[in-house]
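1. A predicted structure for the sequence below; I have some questions about it.
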Amino acid sequence: TKQATEKNEQSLAFIPKSIMRGVGKAIDAPSFNNFLPTFLVRGRVLNHIKKISDADQFIIEQGIDTTTISDQLLADACENRLIGGLRRTNEELREGLDCWLDMVVKKPEKIARDKGMHFNANLARFALLGYHAVDAARDSRASSYLPRILFQGKQ
């Protein structure tokens, strides 16, 4: 946008409760409590996004090539970003991480520098977390049939 994002936009307060809870559940599935108030879920999601944002900046600022990241670190990085799923190859994970970094760090920085526009990085990361959660559920290699059926429908 041409104007700097406001605090309300950075805090993702405009995101519907059900979507916020869904992403919160995808991030923190084993310990997610359905009875938590939405503002606490939003806080957890924002803390997770902050952690990812710091890691993204570190990777870019240090000029780390994703092909040099160990398999375990790659798996951890992708798991934090909900990239991939079961049975994804390391090449697919690297491609997903490269694409993530390109969309939330590299391209926005270039646009901000060239055109003087502002970018809501929290919103971009939130949207990508949601996208990757759905993508993992839709993957035909996933072990659970129910989410795949829901997202793929009849074929």
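-> All right, it came through fine. Keep in mind that what you see is a predicted model, and the values were worked out from it rather than measured.

2. Which SSE is immediately downstream of whichever strand or helix holds P108?
-> In this structure, P108 is located in helix 107-115 according to DSSP states H and E. Proceeding N to C from helix 107-115, the next assigned helix or strand is helix 121-138, under DSSP H and E.

3. what packs against that next one?
-> helix 17-27, helix 38-61, helix 145-152 (3 or more CB pairs under 8 Å, 6 or more residues apart in numbering; DSSP states H and E). Backbone N, C-alpha and C define where each C-beta goes, glycine included.

4. out of those helices, which comes closest to K110?
-> Closest approach to K110 among the helices and strands packed on helix 121-138 (CB to CB): helix 38-61, 11.8 Å.

5. any idea of the angle that closest one forms with helix 17-27?
-> With axes from the mean of the first three to the mean of the last three CA atoms, to 10 degrees as the basis, helix 38-61 and helix 17-27 are set at 50 degrees to each other.

6. quick one, what contacts the closest residue to T66 other than its chain neighbours?
-> Counting by CB to CB, 6 or more residues apart in numbering, T66 lies nearest to R94, which is 4.8 Å off, once chain neighbours are set aside. Listed by CB atoms under 8 Å, 6 or more residues apart in numbering, the contact partners of R94 are 66-67, 69, 74.
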